[in-house]
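[1] what follows is a protein structure lacking sequence information:
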């Protein structure tokens, strides 16, 4: 096979896919097992041309895609794999770096440190923080709790009842006790009274359900007074700090011991790219490193595998670098401003329309709303809308009530797309 | 920017890189900090064309690469990002699947289950095992230990003194006690006498240092008799089970409760692609799932995020699918046979040459050897060889003695490359 020829065909396939993704159903219109039934039960004995794989993308794979690149994908948190990010993944795979140590890939190691520091600057985070890339915020939060237990010698974790499920999952994996705190009227974690035995407190900036913002400063001050580690989960909303006008939600984050922000959520980088910073790098590393201090070489200062669970690390910084360079800070800010504008526009329609209400305060680019009526009616409305293939929204519950969520985060989403969503919901 | 145009340029860059990688130094010939000094300290304000990124690959990145794709890369375990795998990464990034649940990506979820099952069949593993993809064996082993602790309610882990560092790292992260066992004359873990309080025993098929093979059957029988979980680490050597003649090392693996094998090591798939199987899927899932049984829907049966730490999962099965189809079982077997033949050839030269000796029995495609003389002399020999840029080998220690390792695993490696390595070492 000719790599060059197959590669051009693959690029053309990808370009065509991106050009037509808006015409595909957003949510996959298949039943569980439908793709499996079409895939051969056994592996091929003989090799085939790559062209066969491309052909089967259309026949088998595309119908079973939920199209996250679709401009009317409004579920969960909407994301974007931007063009420079996609091409960087091709290049990273071709270079096949496995950055287990500095010498195994000086390029991957040093580019990662630098690009993550670029993001730190763009978000206005403190100088001197050590940042690296993990696959997901789940892994970053797991690593932070490992560090917290190592440093404090304690075993409890405190977060809001609206914290992401990854906090509970990490605590469970680690055998740590989880204490969920109730929230106030604005869905913000109440500052816990008793922090005895607490290894880590995990406030969220931009919760998964409502994008609510916990009072990080107050929590951090109290946690530190009690000797606990503060891990801030800003996986979604942290990217918005590239805008001065959204920095209000950063208040107190400078006190964090660790912080996760996901460029694969709202900075146009293809999954996976989750950033994990710590203001206490030496202690953080100590929790993971198996290298005794007396065996350290100057190179080891760079070994990013000592700041998280995995030893093998792929060249993820390349896509972050490509996106930051091709959009520039200006380009990224413009997209954030537009997404937030569109969310406000949609929230305005909800507010001014009889029979609809906002279910939570508007934060960032997430609108939580519902139609007057029963939970069953709202659930049926959402099911019908998603089945149409025209839009895809997800839901949550607030005090037991069914709530619809419209999350804006795809770079291809226009005002017309948001308007169409409103029409479909009102049809 | 035009994605199509930039994409073709990126493919051409990748094709040129792969065509010339054999002429580049294998080990990066840079000092720590050398790349960092060339990278701008601050992020760009304005966006740039993607062509600038491609240009800077040559100017900045390539000189700082350790070229894992080089045919004379013999360090650690040599790996290959094959052409279909590289292009599949481009396609996966373009489709940007985030398979947090089945409905979030039926394609990613079902293709993953099927392709991992194809590998199960190719390797001759038992029917009915549940397999999925993790980023690295470190994560798979971490997950297995979480499951083992969950199932047994115990807290100790047993492995050989030559087990991979990821076992120790995972135990440390989880706060589990690690008991390292001594090895016998063939570097195989001695079957431990007392397994009280042991959650998991982790035998290795193909240890990192020597590719030695622990007596899995004996270990598994004893571990199970004591109520412990058996996790087999076959990250490197497991792929060789595609050859009937290498199945000897699989003896007893059918008794495992969980198993890791890395297609990104020796099945031509670009990093990251590590497979984790379990013969006890219900219990395994229970250790991770936050969904109570009574809330389960039929779709949930497919949610692969419930078998490991991460919630967000990228479309890694696409590259596994592309590689399996484009090479076929035949093609993969031919490459394994050739790698093993080359390792035997090299080991033969070592054995028949005065002043050289094998340091451990030859296993799979890894040759462990040394030159007669002091550790310092061997270390200097290796440093000189690696500095030449012509070859890259790594080292280990056996009973304190410095040992050189030549690992064959790159699909582009020919007999001439192995011969050249021998010449450089003898120069």
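    Right, received. Where do you want to start? Bear in mind the structure is a predicted one, so any value in this text is a computation, not a measurement. Residues are numbered from 1 along each chain as shown, chains lettered A, B, ... in the order given.
[2] low-confidence regions, the stretch 201-350 of chain A specifically.
    A:292-298 (pLDDT under 70).
[3] now for the residue in the stretch 251-400 of chain A positioned nearest to chain B, how many residues are close by?
    Nearest residue of the stretch 251-400 of chain A to chain B: residue A:328, at 3.8 Å (CB to the nearest CB). Placement of C-beta: from N, CA and C, glycine included. The number of residues packed near residue A:328 is 17, by other CB atoms under 10 Å in any protein chain shown.
[4] any idea how far it is from residue A:84?
    11 Å (CB to CB, to the nearest Å).
[5] what are the buried residues along the longest helix along chain A?
    Looking across chain A with DSSP state H, the single longest helix is helix A:317-352. Of all the residues in helix A:317-352, those buried under the rule 16 or more other CB atoms under 10 Å in any protein chain shown are A:317-329, A:331-333, A:335-336, A:338-340, A:342-343, A:346-347, A:349-350.
[6] next helix or strand past it?
    Next helix or strand after helix A:317-352 toward the C-terminus (DSSP states H and E): strand A:356-358.
[7] are we agreed that residue A:309 is in a helix?
    No. Counting by DSSP: H, G, I helix; E, B strand; the rest coil, residue A:309 is not part of a helix but coil.
[8] test my guess that it contacts residue A:143.
    Yes. Counting by CB atoms under 8 Å, residue A:143 is a contact partner of residue A:309 at 6.4 Å.
[9] neighbour-wise, which of those two wins?
    residue A:143 (27 against 24).
[10] pLDDT at the closest residue in space to residue A:327 that isn't next to it in sequence, what is it?
    Leaving aside its sequence neighbours, residue A:327 sits nearest to residue B:47 (CB to CB, 6 or more residues apart in numbering or on different chains; 5.0 Å). As predicted, residue B:47 sits at a pLDDT of 98.
[11] show the average pLDDT along stretch A:187-199.
    The average pLDDT for stretch A:187-199 rounds to 93.
[12] can you give me the end-to-end span of that stretch?
    24 Å (CA to CA, to the nearest Å).
[13] what distance separates that stretch from the middle of the whole chain?
    The chain centre lies 25 Å from the centre of stretch A:187-199; the measure is CA atoms, centre = their mean, to the nearest Å.
[14] residues of that stretch that come out buried?
    In terms of neighbour count (16+ other CB under 10 Å), stretch A:187-199 has its buried residues at A:187-189, A:191-192, A:195, A:198-199.
[15] can you lay out these as TSV showing secondary structure and distance to residue B:278?
    Output for these, formatted as TSV (DSSP: H, G, I helix; E, B strand; the rest coil; distance: CB to CB, whole Å):
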residue	secondary structure	distance to residue B:278
A:187	coil	38
A:188	coil	40
A:189	strand	36
A:191	coil	41
A:192	coil	37
A:195	coil	37
A:198	strand	33
A:199	strand	29
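[16] if we can go back for a sec, which strands and helices sit next to the longest helix of chain A?
    In terms of contacts (3 or more CB pairs under 8 Å, 6 or more residues apart in numbering or on different chains; DSSP states H and E), helix A:317-352 is packed against helix A:83-95, helix A:106-123, helix A:263-266, strand A:356-358, strand A:366-371, helix A:415-426, helix B:50-56.
[17] what do you get if the cut-off is 6 Å, keeping everything else the same?
    When contacts are defined as 3 or more CB pairs under 6 Å, 6 or more residues apart in numbering or on different chains; DSSP states H and E, helix A:317-352 sits against helix A:83-95, helix A:106-123, strand A:366-371, helix A:415-426, helix B:50-56.
[18] tell me the most buried of the ones you listed?
    Mean neighbour count (mean count of other CB atoms under 10 Å in any protein chain shown) peaks for helix A:83-95 among those, with a mean of 28.
[19] residues in contact with that helix?
    Applying CB atoms under 6 Å, 6 or more residues apart in numbering or on different chains, the contact partners of helix A:83-95 are A:269-270, A:315, A:318-319, A:322-323, A:326, B:3, B:7, B:10, B:14, B:17, B:50, B:81, B:86, B:89-90, B:93-94, B:270.
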